[in-house]
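Novice: got a sequence here, can you build the structure:
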Amino acid sequence: MFNRRVVSATLSAALLLGLSAQNAAALDRWVKIVNNTSFTIVEFYGSHRDAKTWQEDILGQDVLGPGRSVNVNFDDGTGYCKFDFKAVFNDGDVLIKKNINICAIGTFTYN
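Specialist: So this is what the prediction gives:
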């Protein structure tokens, strides 16, 4: 015979885990990238923290000038919330920021 309390607790835990996984998958992964520097961002990359490469330049043919912003959807289908960002500026500087929680922020600003 099964103990009803144990079965009930097990089912409740399974449902909560299922809902948590579903909520994590449904998190908003849109982030506004703001260039608050006096230099133009000529390349921008965002890859989940376990990616082996930087993937593609998100800006493509575009650039992100001083005082400008762009909205980026980082939903790459992996379910990751932690991403690394790489910005390449027109003066040659490269800034890398690691472990950005894109599910918890709405804006990321380069100063």
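
Novice: just checking, N99 touches F85?
Specialist: No - if you go by Cβ atoms under 8 Å, N99 and F85 don't touch, sitting 9.9 Å apart. Bear in mind the C-beta positions are built from the backbone N, C-alpha and C, glycine included.

Novice: these two - which one has more neighbours?
Specialist: Set N99 next to F85 and count neighbours by other Cβ atoms under 10 Å: F85 wins out with 23 against 10.

Novice: now the more buried one. Its backbone dihedrals?
Specialist: Here the main-chain torsion angles of F85 (degrees, to the nearest 10) amount to phi -110, psi 140.

Novice: can you offset everything so residue one is 401?
Specialist: Sure, I'll start counting at 401 from here, so that last one is F485.

Novice: G446: how many residues sit nearby?
Specialist: The local packing of G446 (other Cβ under 10 Å) involves 24 other residues.

Novice: so it is in contact with D475, correct?
Specialist: No - if you go by Cβ under 8 Å, G446 and D475 don't touch, sitting 10.9 Å apart.

Novice: so where's the protein shaky on pLDDT?
Specialist: 401-426 (pLDDT under 70).

Novice: give me that answer again for 50
Specialist: 401-425 (pLDDT under 50).

Novice: quick one, strands of it?
Specialist: Under the criterion DSSP state E, the chain carries strands at the ranges 430-435, 441-448, 469-473, 482-489, 494-501, 507-510.

Novice: kindly export the second one (C-alpha atoms) in PDB.
Specialist: Extracted as PDB, the C-alpha positions of strand 441-448 are listed here (Å, rounded to 0.1, in the frame of the first residue of the first chain):
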ATOM      1  CA  ILE A 441      30.300  49.800 -30.900                       C
ATOM      2  CA  VAL A 442      31.200  48.200 -34.300                       C
ATOM      3  CA  GLU A 443      30.700  44.600 -33.200                       C
ATOM      4  CA  PHE A 444      28.600  43.100 -30.400                       C
ATOM      5  CA  TYR A 445      28.400  39.400 -29.300                       C
ATOM      6  CA  GLY A 446      26.300  37.700 -26.700                       C
ATOM      7  CA  SER A 447      26.800  34.000 -26.000                       C
ATOM      8  CA  HIS A 448      25.500  31.800 -23.200                       C
END
